[in-house]
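Novice: A predicted structure for the sequence below; I have some questions about it.
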Amino acid sequence: MNRIYFDNAATTSLDPEVLEAMIPYMTEKFGNPSSIYSYGRETKLAIETARKSVAKQLNCAPGEIFFTSGGTESSNTAISSAVRNLGCKHIITSSIEHHATLHTAEYLDKTGEAKLSLVNLTGNGHVDLAHLEELLSSSTEKTLVTLMHANNEIGNLLDVKAVSELCQKHNAIFHCDMVQTIGHYPIDLKELKVHFASSAGHKFHGPKGIGILYVNEDIKIQPMILGGAQERNMRAGTENLYGIIGYAKALEKAAGNFQNDSNYVNELKGYMASKLKEAFPTIKFNGDTNGSCLYTVLNVAFAKTEKTDMLLLNLDMAGICVSGGSACSSGASSVSHVIKALYNGHSEELVPIRFSFSKNNTKEEVDMVIDKLKELM
């Protein structure tokens with residue numbers, strides 16, 4: 001059975017050219033970058049060349065880029081460091097952040113290391129910037145604002161520049177989870193003026209298990225992992241050599257093809273939205289679908305019925321890979337925290353589905369999915 005893959009916000013396929021760039025560092029160029037002989041010097045140079053390439057794409061200094069295992073580690077590190085190293089005693093985030101952010105913030109609140117506040121959302125799921133300013137202006141402690149650039153479930157885009165300016169005005173630290181946007185948009189970190197940014201390579205056709213944490217050179221944090229001098233004494237442990245090479249290559253390729261790829265994917269998303277609306281007139285579109293929204297994500301909701309209740313499972317059985325706002329465990333449905341927040345507690349009668357696209361998807365695949373949905377409903 002041929003599979004149709006529409007879950008690219010979860011992970012993307014590895015680009016063949018990225019794999020090609022990685023293979024030499026899995027085979028003949030295998031030296032430990034900390035070794036002083038030629039094999040080690042060769043791989044150390046490759047890592048630093050990759051770091052410079054990443055920094056060039058993001059318009060920052062190479063010394064501001066730290067390679068990590070991915071977005072979760074990067075966000076955990078940024079939030080914990082802001083509290084433990086930079087003196088932030090108040091964390092402001094939103095109820096629709098990725099759990100890497102929410103769970104870390106909740107943990108620090110629970111341990112008493114920092115007080116947690118949740119910023120209000122607008123009706124279509126955007127961060128309420130007026131309320132954010134209220135929270136910042138009323139805070140008596142140094143504050144960390146941690147908000148994602150693009151929501152991984154509904155795709156809503158944050159006005160990062162506006163949040164950055166509010167943080168500067170109120171002397172707050174700003175961490176931005178850019179896992180869904182680095183590799184999908186041109187990102188200028190000098191212009192955006194964030195203190196921390198997180199990214200993961202597997203979201204833009206790079207390898208899994210590799211990401212970056214951007215740390216603005218104006219702030220100083222303590223080592224993330226102890227035990228070695230890797231990553232300029234900041235993250236001990238032998239580097240993920242071929243992952244780093246793959247991340248840099250994937251980012252370079254994504255940047256070079258941005259205009260063509262984004263136009264193509266955006267058109268595909270619009271095509272699917274119109275086909276869904278035509279086939280299912282009562283369908284709901286979650287988030288700011290036609291406004292400030294990630295071009296790779298389309299989140300919809302069907303009314304819950306006997307037929308739609310098992311929709312994700314039936315699509316999977318038909319070889320169609322999508323994700324939903326709900327997960328089924330022991331027969332009990334649980335709607336995602338993002339969808340719950342969006343519908344303010346009135347989401348139990350909905351069956352949300354997230355379609356997320358890449359350059360590898362086609363209109364023919366969209367048509368096949370629409371036909372299968374018609375058949376199932």
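Specialist: Looks like it arrived, so ask away. Numbers count the residues shown, from 1 in each chain.

Novice: now I212, nearest residue through space, not along the chain?
Specialist: If the residues on either side of it in the chain are set aside, I212 comes closest to S199, at 4.9 Å by C-beta to C-beta, 6 or more residues apart in numbering. All C-beta atoms are positioned from the backbone trio N, CA, C, and that covers glycine.

Novice: whoops, I mixed them up, V265
Specialist: Ranked by C-beta to C-beta, 6+ apart and with sequence neighbours excluded, the top spatial neighbour of V265 is F357, at 5.0 Å.

Novice: show me where the stretch 51-200 of the chain has its helices.
Specialist: Counting by DSSP state H, counting those that start in this stretch, the stretch 51-200 of the chain has these helices, from start to end: 71-84, 99-110, 129-138, 160-169, 189-192.

Novice: in this protein, which residue is most central in space?
Specialist: Against the mean C-alpha coordinate of the chain, by C-alpha atoms, centre = their mean, the closest residue is V179 at 2.5 Å.

Novice: the chain - how does it break down into domains?
Specialist: What the record gives for the chain is the domain set 4-12+258-376, 16-256, from automatic domain parsing.

Novice: need the winner for burial among the ones you listed.
Specialist: Of all the domains of the chain, domain 16-256 carries the top mean neighbour count, a mean of 20, counting by mean count of other C-beta atoms under 10 Å.

Novice: give me the pLDDT for the residue nearest to V265.
Specialist: Reported pLDDT at F357 in the predicted model: 98.

Novice: again, but for G345
Specialist: The per-residue pLDDT reported for G345 equals 72.

Novice: that one belongs to a strand?
Specialist: No: the secondary structure assignment for G345 gives coil rather than a strand, going by DSSP: H, G, I helix; E, B strand; the rest coil.

Novice: distance of it from F196?
Specialist: Separation of G345 from F196 (C-beta to C-beta, to the nearest Å): 32 Å.

Novice: what of E278?
Specialist: Per C-beta to C-beta, E278 is found 43 Å from F196.

Novice: so I47, which state does it fall into?
Specialist: I47 falls in the helix class when you classify it by three-state DSSP.

Novice: assess the claim that it and G243 are in contact.
Specialist: No: using C-beta atoms under 8 Å, I47 and G243 do not qualify as a contacting pair, with a distance of 10.3 Å.

Novice: what touches both of those two?
Specialist: A shared contact of I47 and G243, defined by C-beta atoms under 8 Å, 6 or more residues apart in numbering, is any residue touching both; here these are F67.

Novice: lowest-pLDDT helix or strand in the protein?
Specialist: Of the helices and strands making up the chain, the lowest-confidence element is strand 326-329, at a mean of 36, by mean pLDDT, DSSP states H and E.

Novice: pLDDT score for S334?
Specialist: pLDDT, read off for S334, is 65.

Novice: equivalent analysis for the one 4 residues further on, please.
Specialist: pLDDT, V338: 94.

Novice: Three-state assignment for it, please.
Specialist: Per three-state DSSP, the secondary structure class of V338 is helix.

Novice: that one contacts N156, correct?
Specialist: No: between V338 and N156 no contact is recorded; they are 9.6 Å apart, counting by C-beta under 8 Å.

Novice: find the residues that touch each one of those two.
Specialist: Taking C-beta under 8 Å, 6+ apart as the contact rule, V338 and N156 both touch G125.

Novice: so for V145, which of the helices of the stretch 51-200 of the chain sits nearest?
Specialist: Comparison of the helices of the stretch 51-200 of the chain against V145 by C-beta to C-beta identifies helix 160-169 as nearest, at 5.4 Å.

Novice: same for the closest one, what does it pack against?
Specialist: Under the contact criterion of 3 or more C-beta pairs under 8 Å, 6 or more residues apart in numbering; DSSP states H and E, helix 160-169 touches helix 129-138, strand 143-148, strand 173-177, helix 189-192.
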